[in-house]
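K.L.:
pasted the sequence and its predicted model underneath.
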2 protein chains.
Amino acid sequence: MQIATPYLMFLGDVPDRLAAKTAYGIADWRPEWCIGQIRMEGCAADLGIPDLSLAEAVEKGCRTMVVGVVNAGGTLPKHWVSGIVAALDAGLDVASGLHVRLGSIPEIAEAARANGRQLHDVRHSDETFATGKGTRRPGRRLLTVGTDCSAGKKYAALALERGMRERGFDADFRATGQTGVFISGRGVAIDAVVADFISGAVEWIAPAADPEHWDLIEGQGSLFHPSFAGVSLGLLHGAQPDAFVICHEPTRTTMRGVEHPLPSIADVIALTITCGRLTNPGIRPVGIAVNTQALDEAEARRLLDALGKEHDLPATDPVRFGVAGIVDRIAAEFPVKA
Amino acid sequence: MQIATPYLMFLGDVPDRLAAKTAYGIADWRPEWCIGQIRMEGCAADLGIPDLSLAEAVEKGCRTMVVGVVNAGGTLPKHWVSGIVAALDAGLDVASGLHVRLGSIPEIAEAARANGRQLHDVRHSDETFATGKGTRRPGRRLLTVGTDCSAGKKYAALALERGMRERGFDADFRATGQTGVFISGRGVAIDAVVADFISGAVEWIAPAADPEHWDLIEGQGSLFHPSFAGVSLGLLHGAQPDAFVICHEPTRTTMRGVEHPLPSIADVIALTITCGRLTNPGIRPVGIAVNTQALDEAEARRLLDALGKEHDLPATDPVRFGVAGIVDRIAAEFPVKA
């Protein structure tokens, strides 16, 4: 799916910032695409960008209204429907991260048809994929993997895109989750793909490229998460990464949503290499990305220093301390061929 | 999905035996459910059971007509539609293993509605699953795993069901593929489930049971297959098997549909244990099942003897030599608690 940019951000009347997490992620990473926001009475979220009417948004060049908000249950509240229909009538496409499909709501489907506009449901994939083949393809790839879900894998891949581009690398973030799809304007929510096509979908997301080009692929789940490890393994095989970065949240004691303890970073490195060799015999770790939000700066630096020494890898918090060390390691491990 | 038995087997006018592979599998393993067959002019398949009219099938108690055949492309040939409509009109449910959904064909959907009959598409799952939790549940479970796809995993699980029942075990085959679903009348084609729910679907397929009950779970793919390993890993985590049997086809040089070499049996054992420990720390191998069809009997016995010694496991061809050795091992490793 390819979503037309720039965006008008629809925030509805969500009761808090958390319900607009996706919208904040898009605004953080693609401020140049987020021309304005549209909010209903009572909305408690604010992206800090201009409030625009639909007419103003169209005039400023917006192409798609992004429903980057959730409400309890993932449904579309009835009182949002008229706003979405109005956007279609104004000539915008609409893209949603809700569980419910936009096209399943008759008024919205009809308005899209009548106005010749696109509806995008990033949680669903209508793309037909081939099964993965595991054949080596040109281009370089880095995958972010985790000790758990929600451990900063998207953030690390995006920070590496920014950091590598600043250093002159030809590098693109590749989205595998809904917020990532909005941020890249392209991609597939890999957890919504039919199981047989996980690795095939990733081969499509990160296709053959120039030999020196880097795809920075957003990881999902963890090989050690009992709910989602199948997705993580299909993603690893499809990505056939040359390099991977381990993402970790140090204060968690059990994995998200289940009772299992977190694996060690060493376990994640070992199993990622064991399994990743199937489609890329040269796979190797190039860094550790830690979310140190819960630690003060001195504690954070101590932890990163210890992890870096233990694993002989650059360890950083991408938000707090940037990714220069990991980019250095990538540059050293994968020299540009003359 | 729960398919009403017994079955009338619809063979259409398939050009060869291979196109009716699913039907033969059902007739082999559930002869008592296969009351008769219905064949069109030119049909080259024959299950060796009575040819019945629809009226005769209903009279003999058939509940479901099974379309256990494929044609090139997985579509439903137009000239089969009237036969399916006639079955619904006669009062039978219809279950299909085709890629196309029966209900997507208007005449069939209308006939099912008008007659109040069920349509089952075993390649599709409309069941809503929870994500897997990985919590230990009572009951014992065995999973068949493979060095490759199509290495005899369904056959081994079914042979163990038969062999263990003969020895007094309370044991049930649990289907995870389309032929298996027809054979058990229940289950889910796991490769058709949305990726996020692979392990959750398996937790549903093989639920909590009596402590001495054995679920014999049909494996899929291989942890080493670059197309399908994600499915295999989600299946392993959801099954949380106490025991596993490695299935192997010794004449293959590359994995099915791809260019990758087959993993060794030792590699499969090691990675299955490494990954399987996440949801069952006691996981262990209890046997090797080899498809020796391509070998003469002396060669087959030599190979099985060598494999058994190499891995210190009972090694057999379930078709040729039965599964007594594996059942012995299970009985020894998992004594019934007093």
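P.N.:
Happy to help now that I have it.

K.L.:
so where do the helices sit in the stretch 201-338 of chain A?
P.N.:
Along the stretch 201-338 of chain A, counting by DSSP state H, counting those that start in this stretch, helices occupy A:229-239, A:265-276, A:297-311, A:318-321, A:324-333.

K.L.:
mind listing what residue A:115 touches?
P.N.:
Residue A:115 makes contact with A:88-89, A:91 under the criterion CB atoms under 8 Å, 6 or more residues apart in numbering or on different chains. To be clear about C-beta, it is placed using only N, CA and C from the backbone, and glycine gets the same treatment.

K.L.:
just give me the closest of the residues you listed to residue B:169.
P.N.:
residue A:88 (61.0 Å; CB to CB).

K.L.:
which helix or strand contains that closest one?
P.N.:
helix A:78-89 (DSSP states H and E).

K.L.:
contacts for that helix?
P.N.:
Counting by CB under 8 Å, 6+ apart, A:8, A:10, A:12-13, A:38, A:40, A:54, A:65, A:67, A:76, A:94, A:102, A:105, A:107-108, A:111-112, A:114-115, A:117 sit against helix A:78-89.

K.L.:
who does whichever helix or strand comes after it touch, helix- and strand-wise?
P.N.:
For helix A:78-89, the succeeding helix or strand toward the C-terminus, using DSSP H and E, is strand A:93-96. Judged by 3 or more CB pairs under 8 Å, 6 or more residues apart in numbering or on different chains; DSSP states H and E, strand A:93-96 is in contact with strand A:64-67, helix A:78-89, strand A:119-121.

K.L.:
let me see the mean pLDDT of the shortest one.
P.N.:
Right, the one you point to is strand A:119-121. Averaged across strand A:119-121, pLDDT comes to 94.

K.L.:
which elements pack onto that strand?
P.N.:
Against strand A:119-121 (3+ CB pairs under 8 Å, 6+ apart) you get strand A:93-96, helix A:106-115.

K.L.:
switch to 10 Å and redo it
P.N.:
strand A:64-67, strand A:93-96, helix A:106-115, helix A:178-184 (3 or more CB pairs under 10 Å, 6 or more residues apart in numbering or on different chains; DSSP states H and E).

K.L.:
can you list the strands that it pairs with?
P.N.:
strand A:93-96 (parallel) (DSSP bridges).

K.L.:
about what we covered before: next, format the helices and strands packed on strand A:93-96 as TSV and append distance to residue B:330 and mean neighbour count.
P.N.:
Shown next, in TSV, are the helices and strands packed on strand A:93-96 (distance: least, CB to CB, whole Å; neighbours: other CB atoms under 10 Å in any protein chain shown):
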stretch	distance to residue B:330	mean neighbour count
strand A:64-67	53	26
helix A:78-89	56	17
strand A:119-121	47	22
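
K.L.:
what would the ones you listed look like in JSON lines with distance to residue B:325?
P.N.:
Below are those laid out as JSON lines (distance: least, CB to CB, whole Å):
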{"stretch": "strand A:64-67", "distance to residue B:325": "60"}
{"stretch": "helix A:78-89", "distance to residue B:325": "63"}
{"stretch": "strand A:119-121", "distance to residue B:325": "52"}
